[in-house]
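>>> Here is a sequence with its predicted model. Questions after.
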Amino acid sequence: MESRIAENTRKSKQNRRHSTSHHRPLGHTELYIGLDQPVALRRNILEAQKEVIVSLRRFETIHTLRREKLREFLILRRLVNQASQMLVEMRNYFPHVEGRVAKMVEKEDIKPEQRSVLNASDEAELHRLDRELGEIERKLKEL
């Protein structure tokens, strides 16, 4: 019996040595998967990484363009604000002339129409044409 106990303790010590050296969790089995074409797989992975790098470069250029656009927009906004402030200062400095300009434009737009004065010979001609027109209308009514 003592030999069995000694044998069991010896085996358990050996098992402990082997189990502590590998540190495997319970139920873990090692699986190896064979690759049919490892070169093609590596090539595909490298091509995918290359596409990622290209897209990241594009993103970086777009990002820098957006930053530049924002900076230029802020500069433009500052310039527009300065220009509007200068206009306000100029309006305050110069006298108010909008009313004067509007009145001057109205006076120029409204011009009395000149009537043509008919002389006596033109009036006689008009009366003659009027009589002929009246005769033509009367003849048309008779038909």
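Perfect, thanks for sending it. Every value quoted in this text rests on a predicted model; they were computed, and no experiment measured them.
>>> quick one: residue 80 from residue 70, how far?
With the distance defined as Cβ to Cβ, to the nearest Å, residue 80 ends up 16 Å from residue 70. C-betas here are computed from N, CA, C, even on glycine.
>>> for residue 60, same thing?
As judged by Cβ to Cβ, residue 60 and residue 70 stand 16 Å apart.
>>> what do you get for residue 88?
27 Å.
>>> ok, now residue 55?
From residue 55 to residue 70 the distance is 22 Å (Cβ to Cβ).
>>> Residue 57 too?
21 Å.
>>> now do residue 41
The separation that residue 41 has from residue 70, given Cβ to Cβ, amounts to 43 Å.
>>> before we move on, what about residue 52?
Counting by Cβ to Cβ, the gap from residue 52 to residue 70 is 27 Å.
>>> do the same with residue 135
Residue 135 is 85 Å from residue 70, by Cβ to Cβ.
>>> Residue 138 too?
In this view, residue 138 and residue 70 are 86 Å apart by Cβ to Cβ.
>>> again with residue 78
13 Å.
>>> Can you work out which other helices and strands pack against the helix or strand hosting residue 72?
Taking DSSP states H and E as the criterion, residue 72 maps to helix 38-93. Using 3 or more Cβ pairs under 8 Å, 6 or more residues apart in numbering; DSSP states H and E, no helix or strand is in contact with helix 38-93.
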